[in-house]
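Enquirer: when you get a sec, could you give me coordinates for this:
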Amino acid sequence: MKIRPLGDRVVIKPAPAEEKTKGGLVVPDTAKEKPVQGEVVAAGPGRTSDDGKQIPMEVKVGDKVLYGKYSGTEVTIDGEEYLIMRESDLYAIL
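Expert: Numbers count the residues shown, from 1 in each chain. Okay, the predicted model is just below:
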């Protein structure tokens, strides 16, 4: 993938939605919940502070992260679904 996010943005490949419940029931497409975890596939250089200093990113490519259910912007690149969001929209690194 050839995408390089700017500033403190990251590109995330969402984890696939659950196809079955823990009890074995198949979940229809209309009832699937949006995933809230994924893998960072690209990260920007970090944000710039008010005094011009570069603040490095805490996440790096390959990190598994948790994010808000409706966070980020959905984009399709080379037929794959991705999310682009700010690092501050991430909740945790798994």
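Enquirer: and the strands in the chain, which stretches?
Expert: Listed in chain order, the strands of the chain (DSSP state E) span 9-14, 37-43, 47-48, 54-55, 64-67, 73-77, 80-86, 90-93.
Enquirer: please name the strands paired to the fifth one in the sheet, noting orientation.
Expert: Strands adjacent to strand 64-67 in the sheet, as given by DSSP bridges, are strand 37-43 (antiparallel), strand 90-93 (antiparallel).
Enquirer: just the third one next, same as before
Expert: Applying DSSP bridges to the sheet, strand 47-48 is found paired with strand 54-55 (antiparallel).
Enquirer: start to end distance for stretch 45-62?
Expert: Stretch 45-62 has its terminal residues 15 Å apart, counting by Cα to Cα, to the nearest Å.
Enquirer: pull out the buried positions in that stretch.
Expert: Under the neighbour-count criterion of 16 or more other Cβ atoms under 10 Å, stretch 45-62 has 47, 57, 59 buried. For the C-beta atoms, the positions are set from N, CA and C on the backbone; glycine is no exception.
Enquirer: swap in stretch 69-79?
Expert: In terms of neighbour count (16+ other Cβ under 10 Å), stretch 69-79 has its buried residues at 71-72.
Enquirer: over to stretch 75-91?
Expert: By 16+ other Cβ under 10 Å, the buried positions in stretch 75-91 come out as 82-85, 87, 89-90.
Enquirer: out of the residues you listed, which one sits closest to Glu74?
Expert: Leu83 (6.0 Å; Cβ to Cβ).
Enquirer: the closest one against Glu74, yeah?
Expert: Yes. The criterion here is Cβ atoms under 8 Å, and Leu83 meets it with Glu74 at 6.0 Å.
Enquirer: quick check: mean pLDDT across stretch 40-52?
Expert: In this model, stretch 40-52 has a mean pLDDT of 91.
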